[in-house]
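> For reference, the sequence and a predicted model appear below.
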Amino acid sequence: MIAKPVISAREAAALIQPGSVVHIGGFLGCGSPDAIIAALCEAHIGELTIVCNDTAIYDPKTGRTTGLAPLILNHLVRKVITSHIGTNAETQKLMSSGEIEVELVPQGTLAERIRAAGFGLGGILTPTGAGTEVEQGKHVFEVNSRKYLLELPLPGDVAIIKAKKGDRAGNLVYAKTARNFNPIMAPACSLVIAEVEELVEIGTIDPDHVHTPSIFVDYLVTA
Amino acid sequence: MPEYIENKEIIAQRIARFFKTGDVVNLGIGLPTLVGNYIPKEVTVILQSENGLIGLGPEPAPGGEDKDLTNAGGKAVTILPGGCFFDSATSFGIIRGGHVDYTVLGVLEVDQEGNLANYKIPGKMVPGMGGAMDLVAGSRHVIAATTHFEKSGASKLKRRCSLPLTAAHEVDYVVTDLGFFVVSGHSFILKEVFAPWTAEWIIAHTEADVELAEDILLWEPA
């Protein structure tokens, strides 16, 4: 197998153009590529559209942040496509002031739109959101007398994802609930940078235990 | 009637009696999480958490937290032997695919047509729906868990929800701190009255059409 370049978080940030659509793994910060996020903040790569489950945690009282919250706090985000912003007070504030555009997507629909982008589908039909505001402006189909919404693929320019372990070829293994959106974002983006806690030699991960096949990964960053 | 004081524990206690061994159950954040404390010892349910696991266990002992193991609220949790992890697409496949028997979630409003609003108060609070829309649309049974009244004293059971809907016509059961209702599609059918309340008092204090079940019961919580 071909070894992928192992780069620093700073080098990873330099690969990301301002204004890019960036998919970011993590669930309230669990399984989030924190080193690359910190490097994006340091390099001040802005005007981003981010696709993420949530905008992580920011507690204004304590200043505590998790996951991608620092991208919001550093004003690097123009648009967020996400299922939840309720644990980051700053996202809601910047949405109200008009600085950030927020597109709210049901979590399962978000997962399937990302998956569709990576797996060559022209969209998916889901019953989720039928009869709600989510239905507005969408094609509605009736299948077996149930209403389904057509939800379109959501591809990205870059995915920054986080794995517990990766080999030099880019095969990835996630840990526990830190898996979440990471494996589905990898196929959906043109450039994929995986931050790994542990980098191992090719051949040391049992092929049966690989969660993300190496061909989806372009660069590795060691956290 | 005594003065109303909200009682979330009663709601959790009653909902815990819905389940039978083998049921796959998703408990929402907040009040629904309390349900886990009351599941009878002889019943083994499988708890699903939409961030990617089945076999959700209790909170870890202090110092036993694992940064890679949280629930959908971001809190440290544990996994029981035989549990497993999966990605978000699989997690919502489980939910949308009808493999979750019960979802229990809190509400801002629930109406007699089975509509539920719990994710948005326009102009005031817009946290986002998270997984709630999928859970309500996909689970086999939807239980709305809510105190009967808002802080203002208004009934949370409505003829018609006024807030943006999380899902249309999906709620099956409503359990409040006054009683247990089945949603018929055009009314709330009062199946159980929780002591010390009476059916008459509940009807008088609910801003919706309430019918009495033929087999209505009085439940005296332990």
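Here it is on my side, so go on.
> For residue 83, grab phi and psi.
All of this refers to chain A. Note on residue A:83: backbone dihedrals following degrees, to the nearest 10 are phi -100, psi -20.
> My question was about chain B, not that one.
Dihedral angles (degrees, to the nearest 10) for residue B:83: phi -70, psi 170.
> Please name the residues that touch it.
B:53-57 (CB atoms under 8 Å, 6 or more residues apart in numbering or on different chains). Every C-beta, even on glycine, is put in place using the N, C-alpha and C of the backbone.
> pLDDT at it, what is it?
Residue B:83 carries a pLDDT score of 98 in this model.
> picking up where we left off before, quick one: which of the contacts of residue B:83 is nearest chain A?
Nearest to chain A out of the contacts of residue B:83 is residue B:53 (CB to the nearest CB; 5.8 Å).
> Backbone dihedrals for the closest one, both of them.
Dihedral angles for residue B:53 - degrees, to the nearest 10 - are phi -150, psi 160.
> count of neighbours near the residue nearest to it when sequence neighbours are not counted?
The spatially closest residue to residue B:53, leaving aside those adjacent along the chain, is residue B:85, at 5.1 Å (CB to CB, 6 or more residues apart in numbering or on different chains). Using other CB atoms under 10 Å in any protein chain shown, residue B:85 is surrounded by 23 other residues.
> Please verify my assumption that residue B:85 contacts residue A:173.
No: Residue B:85 lies out of contact with residue A:173 (CB atoms under 8 Å); the separation is 11.3 Å.
> Just the buried ones among the contacts of residue B:83, please.
Neighbour counting by 16 or more other CB atoms under 10 Å in any protein chain shown classes B:53-56 among the contacts of residue B:83 as buried.
> Grab the two from the residues you listed that are most spread out in space.
Maximum pairwise distance among the buried ones among the contacts of residue B:83 (CB to CB): 7.2 Å, between B:54 and B:56.
> which residues are in contact with both of those two?
Shared contacts of residue B:54 and residue B:56, counting by CB under 8 Å, 6+ apart, come down to B:47-48, B:83.
> Chain A: which of those is nearest?
Among these, and counting by CB to the nearest CB, the member closest to chain A is residue B:83, at 10.1 Å.
> Please report the distance of that closest one from residue B:12.
Between residue B:83 and residue B:12 the computed distance is 22 Å (CB to CB, to the nearest Å).
> sorry, back to before: now, which of the contacts of residue B:83 lie within helices?
Among the contacts of residue B:83, no member falls in helices (DSSP state H).
> For those, work out which two are farthest apart.
B:54 and B:57 (10.9 Å).
> ok so, going back, can you tell me which of the contacts of residue B:83 end up in strands?
Among those, DSSP state E puts B:53-56 in strands.
> quick one: residue A:35 and residue A:126, what's the gap?
Counting by CB to CB, the gap from residue A:35 to residue A:126 is 34 Å.
> got a list of contacts for the helix or strand bottoming out on mean pLDDT in chain B?
The helix or strand of chain B with the lowest confidence, counting by mean pLDDT, DSSP states H and E, is helix B:31-34 at a mean of 94. The contact list for helix B:31-34 (CB under 8 Å, 6+ apart) reads B:8-9, B:11-12, B:15, B:27, B:73, B:104-106, B:145-147.
> CA atoms of the very next helix or strand once past that helix as CSV?
Scanning forward in sequence from helix B:31-34 by DSSP states H and E, the next helix or strand is strand B:46-49. Provided in CSV are the C-alpha atoms of strand B:46-49 (Å, rounded to 0.1, in the frame of the first residue of the first chain):
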residue,chain,number,x,y,z
ILE,B,46,-31.6,-1.9,25.5
LEU,B,47,-30.9,1.8,25.6
GLN,B,48,-29.9,3.5,22.4
SER,B,49,-28.1,6.8,22.3
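> Whether strand B:46-49 contacts chain A - can you check?
Yes: contact of strand B:46-49 with chain A (CB under 8 Å from any CB of the partner chain) involves residue B:49.
> List the buried residues for that strand?
So for strand B:46-49, counting by 16+ other CB under 10 Å, buried means B:46-49.
> do stretch A:12-26 as well
A:12-13, A:15-16, A:20-26.
> so where is chain A shaky, pLDDT-wise?
Low-confidence segments of chain A (pLDDT under 70): none present.
> Which residue comes closest to the spatially most central residue of it once chain neighbours are left out?
Central residue of chain A (CA atoms, centre = their mean): residue A:24, 2.6 Å from the mean position. Once flanking residues are discounted, residue A:24 sits nearest to residue A:52: 4.6 Å by CB to CB, 6+ apart.
> Show me the strands in chain A, by range?
A:6-7, A:21-24, A:48-51, A:77-82, A:101-104, A:124-126, A:140-143, A:146-151, A:156-167, A:172-173, A:189-200, A:219-222.
> how far out from the middle of the chain is stretch A:150-167?
5 Å (CA atoms, centre = their mean, to the nearest Å).
> just stretch A:89-109 next, same as before
Distance of stretch A:89-109 from the chain centroid (CA atoms, centre = their mean) equals 15 Å.
> what's the span of it, first residue to last?
Stretch A:89-109 has an end-to-end distance of 24 Å (CA to CA, to the nearest Å).
> close to chain B, is the longest helix along chain A?
The residue-count maximum for a helix in chain A (DSSP H) belongs to helix A:107-118. Yes: counting by CB under 8 Å from any CB, chain B has neighbours in helix A:107-118: A:107-112, A:114-115.
> just to revisit the earlier point, residues near the residue nearest to residue A:24, how many?
Residue A:52 has 26 nearby residues by other CB under 10 Å.
> Surely it touches residue A:29?
No: look at residue A:52 against residue A:29 with CB under 8 Å: they stay out of range, at 10.6 Å.
> Name the residues contacting each of those two.
Common neighbours of residue A:52 and residue A:29 (CB under 8 Å, 6+ apart) are residue A:68.
> measure the residue lying farthest from the centre of chain A to chain B for me?
Distance from the C-alpha centroid of chain A peaks at residue A:145, with 34.1 Å (CA atoms, centre = their mean). Computed as CB to the nearest CB, to the nearest Å, the residue A:145 to chain B distance reads 13 Å.
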